[in-house]
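In: coordinates only, sequence not included:
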Ligand code: BGC
C-alpha cells in the first residue's frame, strides 16, 4: 500500500518536473512557428511558475475544507486540460493561458503530494518517501528533455505527452481514500480509522493501529485548537526557522537553476552549439546528471550533514557559473567546452545539495504548531522567485548577455556560502523535538547540531535516555510554600501526552514533590511564571527545564498501563498478582 502511495506521489513529482522541463525543447520550434520576442517568451515560459504560485495559495486555503485527495484529483484534471490546450494552442496567448492552467495544477500538486505522503507514511519511512518525490521531479525534467529530443520538430506533441501521466495520477488517486489525519480533523473518525488500517494492511483492532490512531487523534485536536496565524511565524521563537526556510528557497531559485532547467538549449545555443539536435542532446545530458547527482545527494544527506553539503553545493555552483560567465565575457574559443563542463558541474553541485536540502530543511526547522503554515510560506517563496528568474532570463540575456546574467547568479551562490556559514543549523541526526526545544530555549538556531548539543545528535530512544540532568543551582525544596498540585496540573497541558497522563495526575504530583531534581525544576518554572497561588504556565516559562520536564512525562507515559496496553504489554503477565 505504501508503495502505491509513493508511486502516486512520484507521478505528481514527475509531472511537476515534466512541466518545468518541457519548455526547454519546445522553445526552438515555438520561436520558429510563433516568432516571439524576449518579453513574450519570458511571460509564456514563466506562466507555469506564476500559476504554481497562485495554485499554492489556493491549495493552502482549500486543503482543510476539501481534503488532500480531492485537491490532487483537481490538480490532475488541470494537468490534462492544460496539456491538451497547449497542444492545440493557436497562438501565444492561448499557450500562455494553457501554461497558467498547468501551473495551477503544479502548485496544487507540489503542495498536496508531500502533505499526502507525510500524513500517510509511517514515521520511519517518511524521509525516504519525501526523497522519492524530489527524485521524481528530476526524472520528470529528464523525461521532458527526452520527449523534446524525440519530437524535436513538434512542440504540440511535446505538450500533449504531459496528459498521459496526468491521467495516471487521476486514476491512481481516485482509488485511494483521503489521509487518516484529515478525516480525523473533519470529525470523520470511523472513516479515518478504517483508512489507517487499510494503509497499514492490518485490522482496526490491531494494537499498533490503535496506538497510531490515538496519536493522530491527539494531533488532530491540537491542530484544530491551535490555528496558526501569519504573526506566529514572526515571533522571536519561530523567526530564525522562517529565515532559514525562506532564505534557502530564495537562494535556491536566485542561483539561476530554472534559467538552466527551462532554457538549457538556449544557453547551449548562446555558447556556440549550432544545431538544435546537439543542443537538445546536451540538455538531456544535463537532465541525466541532475537525476544521478540527486541520488548521490540522497545518500550523503545524513552522512556529511546538511551544512557541509550546502557549502559544497554553493561553492561548486559559484565556480561553475563564474567559469561560464568569464568564458562568455572574454569570447573564449573554448566556450562550447567551457559551457558544457560548467553546466555539468553546476547541475551536479545543485542536485547534490541546493535542490533537495531546502525541501528537507523546511520540513525540519519549524515547530509543530506552525509547521504547515511555515512550509506553505516557504513554498510560495520558491514559486515567486522561480517565476522571477524564468520571466527575467530572456530579457536579462537580451540586455546584459549570458556573461552578465550568469555572473549575477554566481554572486548569489557566494552569498549562499555566507548564509549557510552564519545562519543554517545542522539538523542532521537531531530529532524534530530537539529542534523545537532548541527554538523554545531562545538560543541561536545556528548553534543547534551534534557538536553543540551532543546528547541530541541523534533521536535517543526513551530506554537509552540518560537520567535527568542535575539542575545547576538546585533550589531548596523548602524555599517557599507552593501548591504542587496546581503547579503540575498547570504544566501538564503543555506536554504531548497530556491526555494520556491526566488520569495519572495524583502520581505525577507525588513524584514531583518527592524527587529533589524535579521539585527544583518545577520551582524554577513557577518562579519564571510568577506562579504562586495558581495561574497559567506557558511554554516559554519552561525555559531550560523544558527538556527534563518533558522527559519525565514521557517516562511516566511509557510506563503507564495506557501505553503498555497499546503494545500488548499490559496487564504484565507474570507480574500480575
Ligand atoms: C527546485 C526546482 C528545480 C528543481 C531542479 C527543485 O528543488 O525547487 O525549482 O527546477 O529542483 O531539479
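Out: All right, it came through fine. Quick caveat: nothing in here was measured; it's all calculated off a predicted structure.
In: Please identify which residue in the stretch 101-250 of the chain comes closest to the ligand.
Out: Closest approach between the stretch 101-250 of the chain and the ligand, counting by CB to the nearest ligand atom: residue 138, at 4.8 Å. For the C-beta atoms, the positions are set from N, CA and C on the backbone; glycine is no exception.
In: and the protein, what are its domains?
Out: 2-432, 454-567 (automatic domain parsing).
In: Pick the most deeply packed of the ones you listed.
Out: Highest mean neighbour count among the domains of the chain (mean count of other CB atoms under 10 Å): domain 2-432, with a mean of 20.
In: Relative to the ligand, which residue of the chain is the closest?
Out: For the chain, CB to the nearest ligand atom, closest residue to the ligand: residue 355, 4.0 Å.
In: contacting residues for the nearest residue to that residue once chain neighbours are set aside?
Out: Excluding its sequence neighbours, the residue lying closest to residue 355 (CB to CB, 6 or more residues apart in numbering) is residue 294, at 6.2 Å. Counting by CB atoms under 8 Å, 6 or more residues apart in numbering, residue 294 touches 134-135, 138, 351-352, 355-356.
In: swap the cut-off to 7 Å and go again
Out: 134-135, 138, 351, 355-356 (CB atoms under 7 Å, 6 or more residues apart in numbering).
In: Also residue 293?
Out: With CB under 7 Å, 6+ apart, residue 293 has these contacts: 347-348, 351-352.
In: Kindly present those as JSON lines, with separate columns for pLDDT, distance to residue 203 and secondary structure.
Out: Below are those laid out as JSON lines (pLDDT from 0 to 100; distance: CB to CB, whole Å; DSSP: H, G, I helix; E, B strand; the rest coil):
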{"residue": "347", "pLDDT": "95", "distance to residue 203": "48", "secondary structure": "helix"}
{"residue": "348", "pLDDT": "96", "distance to residue 203": "48", "secondary structure": "helix"}
{"residue": "351", "pLDDT": "94", "distance to residue 203": "43", "secondary structure": "helix"}
{"residue": "352", "pLDDT": "93", "distance to residue 203": "43", "secondary structure": "helix"}
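In: Quickly name whichever of the residues you listed is closest to residue 10.
Out: Residue 10 has its nearest neighbour among the contacts of residue 293 in residue 351, at 17.3 Å by CB to CB.
In: contacting residues for the closest one?
Out: By CB under 7 Å, 6+ apart, the residues touching residue 351 are 138, 290, 293-294, 297.
In: Looking at these, spot the one nearest residue 396.
Out: The closest of these to residue 396 turns out to be residue 290 (CB to CB; 22.9 Å).
In: Contacts only, for that closest one.
Out: 138, 141-142, 347, 351.
In: Where does it sit, in terms of helix or strand?
Out: According to DSSP states H and E, residue 290 maps onto helix 276-304.
In: Show me the contact partners of the helix or strand just after that helix.
Out: Using DSSP H and E, the helix or strand that follows helix 276-304 in sequence is helix 306-330. If you take CB under 7 Å, 6+ apart as the criterion, helix 306-330 is touched by 255-256, 297, 300-301, 334-335, 338-339, 342, 345-346, 348-350, 352-354, 357, 361, 401-403, 406-407, 409-410, 413-414, 416-417, 420, 424, 426-428.
In: Keep only those of the contacts of residue 294 that are in strands.
Out: The strands, defined by DSSP state E, take in nothing from those.
In: residues in contact with residue 561?
Out: With contact set as CB under 7 Å, 6+ apart, residue 561 has these partners: residue 570.
In: Now do the SS call for residue 426.
Out: Per DSSP: H, G, I helix; E, B strand; the rest coil, the local secondary structure of residue 426 is coil.
In: Wait, it touches residue 304, no?
Out: No - counting by CB atoms under 7 Å, residue 304 is not a contact partner of residue 426; they are 10.4 Å apart.
In: for stretch 298-315, how far is the first residue from the last?
Out: When the termini of stretch 298-315 are compared using CA to CA, to the nearest Å, they are 19 Å apart.
In: Is it positioned near the ligand?
Out: No - against the ligand, stretch 298-315 shows no contacts by CB under 6 Å from any ligand atom, the least distance being 11.5 Å.
In: so how far is that stretch off the chain centroid?
Out: Relative to the mean C-alpha coordinate of its chain, stretch 298-315 is positioned 16 Å out (CA atoms, centre = their mean, to the nearest Å).
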